[in-house]
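3D, please:
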Amino acid sequence: MIRIPKTRWRIKAILLSSLLIGGTIVEATENLPRVERQKLILKTTMYYIAQKHVYPMELNDEFSSKVWDKYFSYLDINHKIFLQEDIRQLRLYKSRLDEDIQANSIEFFEKSNTIYLQRLKELRAICNEILAKPFVFTINESFRDGNEYAGSLKEQRERWRKSLKFSVLRKFNLIKDKNNGKKDREIEKESRAAVKRWMDAFFDRMTKPEAEDINFSYFMNAILFEVDPHTIYNLPKETKQKQENIAKRYFGIGISMKEDEGEYFVDGVQPGGEANNTGLIHVGDQILQIENEKGEMQDVFSLPAEDVIDMIRGASGTVVRLRIKRNSIQEIVSLKRTELKNESQLARSALFKKGKEKIGIVYLPDFYDDVANPNGAHASLDVMKHIQSLKKQGMTSLIIDLRNNPGGSLNEVVRLAGALTGKGPKAQIRGRAGVQVMQADLEQIYKGPLAVMINERSASASEIFAAAIQDYQRGVIIGGPTSYGKGSAQDVWPIGKMGDESKNIPAVSLGSLTLTSFMFYRATGQTTQKTGVKPDILLPSPSAYVSELEKDYNSALPNVPIPTTNFQLSNSFAKDQIEAWAKQLRYGYIFKQIDSLAKLIAKADKEPIALNLKAYQQQEDKKKERKAYLKTLLKVPRDEQIDVVSESDRSAAGEKWYIDWLENAKNDVYVAEACALLSNWSAENDALQTTYALEVTTLRHFFERDNVRDECYLDDINELNVNLNTNADIYRLKKQLTRMKDSVDVMEIINKEGTNITRSIQLSKQDFVRQHPNSYVSLYLLAEEFNAYTAEGYSLAFESLSPALKVLNAAESIKKEISRLKVTTTGAEAIDFQRTDQNGNLVKLSNLRGKYVLLDFWGSWCVVCRQAHPHMKELYHQYKDKGFEILAIADESHSKTMQDREKVWKEAIRKDDIPWIHVLAEEGNQKINVLQAYGITAFPTKILLDREGKVVMRTIGNLNNEIDEYLRKHL
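Have a look, this model is predicted:
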């Protein structure tokens with residue numbers, strides 16, 4: 001199983017694959033001294049690098065020098081612990097580390113760690129001395145972390161004085177902001193005490209024997225980083241947490257925590273967990289101590305969050321004890337660990353409304369995959385369930401939000417890409433054995449407008465997904481300026497010794513190795529390595545100037561493309577459409593401000609920090625002001641907030657984490673821009689729908705009362721879908737659109753060809769009904785497509801069906817429609833009515849006899865109706881002097897008052913400059929309801945009458961060739 005781990009800037013979610021450690025590597029690890037364990041880890045790791053890495057690194061002096069530099073950047077990133085004399089003493093290893101590594105020697109680590117611990121001991125005394133005296137915040141001085149090591153203890157002490165002064169000043173300012181009435185002297189003393197407590201906890205933690213394992217992991221990862229940035233040594237507890245994170249399940253008590261100034265508080269209690277079931281822990285409780293593996297109650301103040309989580313979690317059924325404080329009262333509680341799912345890290349969804357569009361959004365934190373449990377959490381299956389649920393609620397467009405998604409399972413991303421693009425190759429991977437094409441074998445479950453949101457922290461598996469959507473031209477990628485740029489895939493190999501449960505021999509873990517075994521590629525053969533995925537619609541990111549990308553690492557693997565695969569484009573849109581959309585950003589003015597402000601914030605964060613209270617407060621106020629304004633910009637303007645139609649279909653809808661996500665999403669200016677884009681796409685797509693998919697669920701519902709089995713119509717559904725999706729008129733229109741240069745041209749073609757395409761599809765469906773009189777699909781099409789027939793044609797089509805179909809309950813709607821349409825069958829006498837026209841004159845239909853009359857049922861709100869007016873004017877002027885009249889009947893019932901109806905009606909007449917007779921369908925003093933009398937249920941509907949007032953033909957949609965041809969022959 002190949003896993004694509006997440007990038008270094010976040011805890012990675014990796015599941016261990018099968019154990020493949022050769023006999024020369026597996027050694028007994030019980031009771032091994034720490035040095036021997038470290039050597040075994042180094043030996044095993046380098047064996048795997050040589051045997052399995054996709055680009056094994058040559059160990060030479062250049063490599064050695066880079067490892068040496070990287071190790072110190074991990075161990076002493078701010079150059080505050082080692083002195084220049086220490087660096088000089090250790091520099092002799094800079095060119096020989098490659099030889100030591102090959103000889104399995106850890107001499108450099110041992111010597112550097114000994115010096116490191118000695119310096120910590122000295123620094124503890126220095127910090128205690130500095131913090132014993134009050135700081136003066138009126139002196140004009142500043143602080144910045146050094147780029148060079150101190151040359152003497154005196155210089156090092158001065159650096160620490162400024163560093164500690166900054167920490168105290170920061171705490172002082174936070175307390176003073178609360179305006180609690182304390183004097184500055186008291187606040188300064190309280191602040192120093194708090195910093196002293198943090199520093200004591202830091203020195204305690206880093207001088208414990210267990211800290212050597214952490215420092216050794218720095219050494220191992222300095223080596224591995226120079227192999228490539230994503231080959232990583234994981235400590236045993238990191239290995240366990242990554243397994244839990246990718247599977248989204250763990251054994252714990254069901255609480256979430258937040259850290260505040262080194263202290264831990266409960267900020268959530270999960271339903272189903274023991275904390276919730278027993279009621280022993282409440283939101284807001286402070287966690288003071290947790291029982292460690294030795295059975296001792298250990299303080300958690302200032303511990304890394306990963307350590308606190310590791311102490312709370314454990315084996316199923318075991319008990320953990322916690323000392324908590326609530327309302328100043330302390331108590332110890334004991335809770336049993338049970339299996340829990342991390343629901344807050346699973347996919348989630350909501351349905352938004354933008355104009356007439358219902359836009360579904362699915363947020364996916366990562367591509368999780370509980371490989372060990374088929375019924376566990378799987379990202380692709382969860383997202384597909386959300387999509388199906390949103391479709392049932394009337395979704396017209398879809399957003400997949402992959403922002404900050406750092407990756408996960410390759411299998412999951414290929415499966416999900418297939419669900420949205422159909423069967424075929426979605427990615428390629430290349431390892432030492434060659435190239436493998438990753439195929440999806442799922443049917444496409446959604447074919448409507450699609451947008452995928454990414455940012456610079458969308459990495460690895462999320463880049464594969466975005467690339468597949470982009471390569472297939474299936475959807476639009478929104479974000480920017482680029483994704484992270486990770487094009488490598490990793491396996492995970494355990495380090496240690498396998499156990500034997502049958503012999504009661506426990507497995508011994510020394511951690512694991514995340515190893516880059518493959519490079520992955522787009523279906524086109526291009527790679528995202530270093531380049532990432534470039535969005536189709538570029539939106540500036542608020543963190544673009546502070547985020548590191550793959551290309552920023554010197555050890556990033558090369559970008560080398562491979563041959564393309566064969567795959568079928570979706571052609572969901574023309575590339576020119578994207579260019580038009582990019583020029584018409586709804587919130588472009590906001591994104592420009594975001595970009596400018598993000599630059600200022602990034603620049604200010606690099607400036608020296610003032611240690612004068614007044615100057616520091618001015619600096620902080622400016623930063624807060626800018627960040628607060630940025631936060632405001634990231635929210636959509638208040639009067640344009642996105643409307644929520646429905647929440648997630650999961651039980652999570654009432655959870656705080658879901659409520660918070662939904663609140664952020666509906667106010668997110670990036671989501672709002674995606675919604676605006678999809679609304680434009682859907683509007684254009686109404687006339688350009690290039691894919692038709694009649695689904696089984698639709699017919700299942702239609703025949704619900706008749707208990708018709710799915711297998712009775714499955715083959716016919718497939719045949720119909722193939723026929724409609726190969727419609728020649730659609731392909732002709734596609735070719736026209738690819739030549740369009742701007743949105744004006746596109747809309748002109750849509751207006752010109754949209755009705756022809758619709759009519760072409762209608763005729764294809766009618767052909768299917770004629771050719772399949774025994775098909776259940778034919779009965780469904782008749783029920784749904786009544787507007788596409790003349791009254792006579794509809795009746796004849798129904799009569800042509802087999803008797804078995806005509807007696808079904810599902811046929812009742814067709815019979816009712818036939819009865820309704822009889823009033824406008826060819827030769828029927830038109831029902832007379834009278835109304836007041838736009839000029840106040842009384843108009844009676846029967847008074848127009850002696851002319852051919854076109855009854856045009858329309859409305860000012862009907863875009864398609866009004867698109868026909870230019871052609872209708874041509875007909876009117878061509879034939880009006882030859883005995884032809886148009887009587888337009890407008891339905892303006894959407895307006896509340898008669899006055900409003902007349903206003904919008906007359907305004908449309910004036911704007912479209914349509915000179916024929918116009919009346920409103922409804923008048924308060926008229927008995928006849930014209931729309932009901934003529935059976936009008938769709939707009940535009942046109943009924944042509946002859947000179948005697950009898951029906952010649954009835955059509956749905958804009959004017960077609962039949963009416964044109966009839967008038968040409970008779971006038």
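
Give the burial count for the closest residue to K534 other than its chain neighbours, as a bare number.
In space, and not counting its chain neighbours, K534 is closest to T482: 5.4 Å by Cβ to Cβ, 6 or more residues apart in numbering. C-beta: built from backbone N, CA, C; applies to glycine. T482: 24 surrounding residues under other Cβ atoms under 10 Å.

for T564, same thing?
When neighbours are defined as other Cβ under 10 Å, T564 has 15 of them.

Tell me if it really is in a strand.
No: going by DSSP: H, G, I helix; E, B strand; the rest coil, the assignment for T564 is coil, not a strand.

give the contact list for it.
Residues in contact with T564 (Cβ atoms under 8 Å, 6 or more residues apart in numbering) are A523, T524, G525.

run the last query once more with 10 Å
P425, Q428, D471, Y521, R522, A523, T524, G525, Q526 (Cβ atoms under 10 Å, 6 or more residues apart in numbering).

Buried ones in the helix or strand containing Q619, by neighbour count?
Element membership of Q619, judged by DSSP states H and E, is helix 613-633. For helix 613-633, the neighbour count (16 or more other Cβ atoms under 10 Å) marks L613, Y616, Q617, Q619, E620, L630, L633 as buried.

Export the residues you listed to a markdown table and append columns for distance to K896 and pLDDT.
Rendered in a markdown table, the data for the buried residues of helix 613-633 read as follows (distance: Cβ to Cβ, whole Å; pLDDT from 0 to 100):
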| residue | distance to K896 | pLDDT |
| --- | --- | --- |
| L613 | 63 | 94 |
| Y616 | 60 | 94 |
| Q617 | 57 | 94 |
| Q619 | 57 | 94 |
| E620 | 54 | 92 |
| L630 | 43 | 93 |
| L633 | 38 | 93 |
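
among the residues you listed, which two are most distant?
Pairwise distances across these peak at 30.2 Å for L613 and L633 (criterion: Cβ to Cβ).

which residues in the stretch 1-150 of the chain form helices?
34-52, 61-75, 84-90, 97-102, 107-131 (DSSP state H, counting those that start in this stretch).

need those in TSV with distance to E785, mean neighbour count and mean pLDDT, can you?
Formatted as TSV, the helices of the stretch 1-150 of the chain follow (distance: least, Cβ to Cβ, whole Å; neighbours: other Cβ atoms under 10 Å; pLDDT from 0 to 100):
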stretch	distance to E785	mean neighbour count	mean pLDDT
helix 34-52	60	18	95
helix 61-75	68	18	96
helix 84-90	81	15	97
helix 97-102	74	18	96
helix 107-131	76	17	97
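
Go through those and name the closest to E244.
helix 34-52 (22.2 Å).

Can you check what angle separates that closest one from helix 107-131?
Compare the direction of helix 34-52 with that of helix 107-131 by axes from the mean of the first three to the mean of the last three Cα atoms, to 10 degrees and you get 120 degrees.

To L597, which of the helices of the stretch 1-150 of the chain lies closest?
Among the helices of the stretch 1-150 of the chain, helix 61-75 comes nearest to L597, with 30.2 Å by Cβ to Cβ.

May I see the domains of the protein written out as residue ranges?
When the chain is parsed with automatic domain parsing, its domains come out as 58-226, 249-341, 347-493+526-586+639-664, 588-635, 686-820, 826-970.

Would you mind checking the average pLDDT for stretch 277-289?
Throughout stretch 277-289, pLDDT has a mean value of 94.

ignore the last one, stretch 707-724
For stretch 707-724, the mean confidence score works out to 80.

Next: stretch 827-843.
Rounded mean pLDDT across stretch 827-843 is 92.
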